[in-house]
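A.B. asks: the sequence and its predicted three-dimensional model are supplied below.
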Amino acid sequence: MVQITSELLASTPIRISPIEPSHELNLSGLKIPSIENLGATKDQLSTILLSHNLIHSIPLLPRLLNLNSLILSHNLIQSISPSISKSTPRLSSLIADHNRLQLGELNSLANHPGLTFLDLRFNPATESPRYRLWLVYILPKLRVLDYERVSDKERSLAKDTFETDDGRPTAAALEITSLKSASDDHTQHDNTFIPGGQQHQHQHEHKGRLLTPQDRENIRKSIIEASSADEVARLERMLRDGFIPGQQ
């Protein structure tokens, strides 16, 4: 497997489109298991391709104001960080077909300020009869879903289905928003002490302490607000390891 490291990012050629101003990084087909260290790109990319890898989630990302397209086809993605709207506010195109996303996980995309093109074909979520209307409802700027244009009729029907006349969510909306997220399971697992597990090893190998849920939330906020690639990398490593070094 290949890790996304600062060295890999530095050695991978950036393609500059001759048609429109865009800088494209292609890391497809490398058996990459996770998205990490993107702070090292210094927010210089408009398109990132990570198709045909082994990625399991769209994690908390550093603030990428210039990212316009994220292509994640043919991975193993089951979860999306709820911070995606804040970390990628100008993301207009998300292509994540052939993954493992359930309908409840798509709630993380709700009210994304820039998302207009979305491809989620061949995900379990698409099997829900309310899948398309729900995405149309929670993404007001969505124009194309699974390569089919969103119509005014669909948008009106979505509002009637999921919102009452006085603006409250309907029973159908409440049912979907209450669906459990795969990221909830991941967080619970990360915060659980397992004898002999990775966190146990860290505790004995280093001086410091394990992250509390509040520590994790603080680190996530710090990643989004970080001003340097080194700081983002340090915080991402801390969050991944579940450990604050140098503390008793």
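C.D. replies: The structure has been received and is ready for your questions.
A.B. asks: for residue 129, see how far away residue 156 is.
C.D. replies: The spacing between residue 156 and residue 129, counted by Cβ to Cβ, to the nearest Å, is 18 Å. The C-beta positions use only the backbone N, C-alpha and C, and glycine is treated the same way.
A.B. asks: would you map the helices across the chain?
C.D. replies: Using DSSP state H, the helices of the chain run over 6-11, 84-87, 131-138, 152-162, 171-177, 182-190, 198-205, 213-225, 229-241.
A.B. asks: pLDDT on the third one, on average?
C.D. replies: If I follow you right, that is helix 131-138. Across helix 131-138, the average pLDDT comes to 97.
A.B. asks: how's the protein carved up into domains?
C.D. replies: 6-177, 191-245 (automatic domain parsing).
A.B. asks: deepest in the core, which of those is it.
C.D. replies: A comparison of the domains of the chain by mean neighbour count, using mean count of other Cβ atoms under 10 Å, puts domain 6-177 on top with a mean of 17.
A.B. asks: center of the protein - which residue?
C.D. replies: The residue lying closest to the centre of the chain (Cα atoms, centre = their mean) is residue 58, at 3.0 Å.
A.B. asks: in the sheet, who's paired with it?
C.D. replies: Applying DSSP bridges to residue 58 gives these bridge partners: residue 80.
A.B. asks: residues in contact with it?
C.D. replies: Neighbouring residues of residue 58 by Cβ atoms under 8 Å, 6 or more residues apart in numbering: 35, 70, 72, 77, 79, 80, 81, 84, 96.
A.B. asks: and of these, the nearest to residue 211?
C.D. replies: Using Cβ to Cβ, residue 81 comes nearest to residue 211 of those, at 16.2 Å.
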